[in-house]
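*Asks:* Okay, predicted coordinates and the sequence, questions at the end:
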Amino acid sequence: MEILQYTVRKLISGIPLVLGVTLISFLLMVYFGPDKTYELLGKNPTAQEIAEVRTQLGYDQPFLVRYVDYLRELVTLEFGNSDSTGEDVASLLARTIPISLALTGPGFVLGNLLGVLLALFAAFYRSTWVDKAIMASAVVGMSISFLIVIIAFQIIFASSYGLGWFPVRGWSVHSFGDYLSYVAVPTMAMVFVALGYNTRFYRSVLVEEMTRDHVRTARAFGVPPAKLFYKNILKNSMIPIITRVVFSIPLVIISGSLLIESYFGIPGVGKITYDAIISGDQPVLKAVVGLTAILFVLAQLLTDILYRAVDPRISLK
């Protein structure tokens, strides 16, 4: 009952965030976005033809009316049809979001798990050659552009110039084996880049926790290192770890898959977002921006609930 009440309160408190993000993004799209009027008309259109098209597109309506219609679309998940393909936007997102989740999920999970494990080793062997080697590798991973990593891994593992083990482009998945072959190179690229950032962040969190009084006391009482790291250090470090992981989910779904999908031609939500930016497809852009804002509100809610799960002392208020 407490979690349910907190969920309702948190969702209500998240409404201003959604309204703020959607208002700013809608304002930018209306006043600085592409005007489809002249794309739909031929050369030398008459004033009447221009007025008819603008009425058809809804451009002649007041800004407030158009913004309220946008909010109604978010609530009902009825975003209309894509300007580029004519497909229903809700159906388009329902088809592409699972592909993006399947594409980025393995790299996201492995990048965080391996980051925590490497951070544990680095923190345990702090100031030794093990720690320095892990941190040096992390710096290398952070310093290389994600695009360069994608291109390098694609050449090494997927092209005829390299090993040629995996498909180069597309997403023709009919079995689990097909899925593994198509997701292999994007996953390796994501893990390579994410490990640098994750390892450095998690190591700093763990090292800070190792300096706490309760850890020094447990070590003085002869608590075994494995138990010390799990019970006294890792568990007490879960708050910042959960924060980083959960708040990365909306970004991974959209921005994390945008570069990979546009490069490899994978038909996920990142690819349609990229195409919508290039073509000025406002129905798709409005849907993606609005749903991303909602995802951040849900991520904040999930984070607070997980805080309580790992630390019962935290109150959901």
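*Replies:* Here it is on my side, so go on. Numbering: from 1, shown residues only.
*Asks:* Every contact and neighbour count from this point should use C-alpha atoms.
*Replies:* Will do.
*Asks:* low-confidence ranges in the stretch 151-300 of the chain?
*Replies:* 168, 215, 221, 225-226, 230-232, 254-256 (pLDDT under 70).
*Asks:* where along the stretch 101-250 of the chain do the helices fall?
*Replies:* With helices called from DSSP state H, counting those that start in this stretch, the stretch 101-250 of the chain shows them at 129-143, 146-157, 176-210, 213-220, 225-227, 238-251.
*Asks:* ok, and which of the ones you listed has the densest surroundings?
*Replies:* For the helices of the stretch 101-250 of the chain, the largest average neighbour count (mean count of other CA atoms under 10 Å) is found in helix 176-210, namely a mean of 20.
*Asks:* and that one, what does it pack onto?
*Replies:* Here helix 176-210 touches helix 89-124, helix 129-143, helix 146-157, going by 3 or more CA pairs under 8 Å, 6 or more residues apart in numbering; DSSP states H and E.
*Asks:* Can you tell me which of those helices is nearest to residue 281?
*Replies:* Proximity to residue 281 (CA to CA) singles out helix 89-124 among the helices and strands packed on helix 176-210, at 10.5 Å.
*Asks:* packing partners for the closest one?
*Replies:* So helix 89-124, by 3+ CA pairs under 8 Å, 6+ apart, packs with helix 129-143, helix 176-210, helix 257-264, helix 269-279, helix 282-310.
*Asks:* so how far is that helix from its chain's centroid?
*Replies:* Distance of helix 89-124 from the chain centroid (CA atoms, centre = their mean, to the nearest Å) equals 9 Å.
*Asks:* Looking at it now, give me its mean pLDDT.
*Replies:* Across helix 89-124, pLDDT averages out at 84.
*Asks:* got the buried residues for that helix?
*Replies:* Buried residues in helix 89-124, defined by neighbour count with 16 or more other CA atoms under 10 Å: 89-90, 92-93, 96-97, 99-101, 103-108, 110-116, 118-120, 122-124.
*Asks:* swap in stretch 272-283?
*Replies:* 272-276, 280-283.
*Asks:* Nearest to residue 85 among these?
*Replies:* Nearest to residue 85, judged by CA to CA, of the buried residues of stretch 272-283 is residue 281 at 9.3 Å.
*Asks:* ok, the closest residue to that closest one other than its chain neighbours - contacts?
*Replies:* Nearest residue to residue 281, sequence neighbours excluded (CA to CA, 6 or more residues apart in numbering): residue 83, at 5.4 Å. By CA atoms under 8 Å, 6 or more residues apart in numbering, the contact list for residue 83 reads 281-283.
*Asks:* so which of the helices and strands packed on helix 89-124 gets nearest residue 241?
*Replies:* Closest among these, using CA to CA: helix 176-210, at 7.1 Å.
*Asks:* So what angle separates the directions of that closest one and helix 257-264?
*Replies:* 140 degrees (axes from the mean of the first three to the mean of the last three CA atoms, to 10 degrees).
*Asks:* still on that earlier bit, next, format the helices and strands packed on helix 176-210 as a markdown table and append distance to residue 292.
*Replies:* What follows is these, written out as a markdown table (distance: least, CA to CA, whole Å):
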| stretch | distance to residue 292 |
| --- | --- |
| helix 89-124 | 12 |
| helix 129-143 | 25 |
| helix 146-157 | 22 |
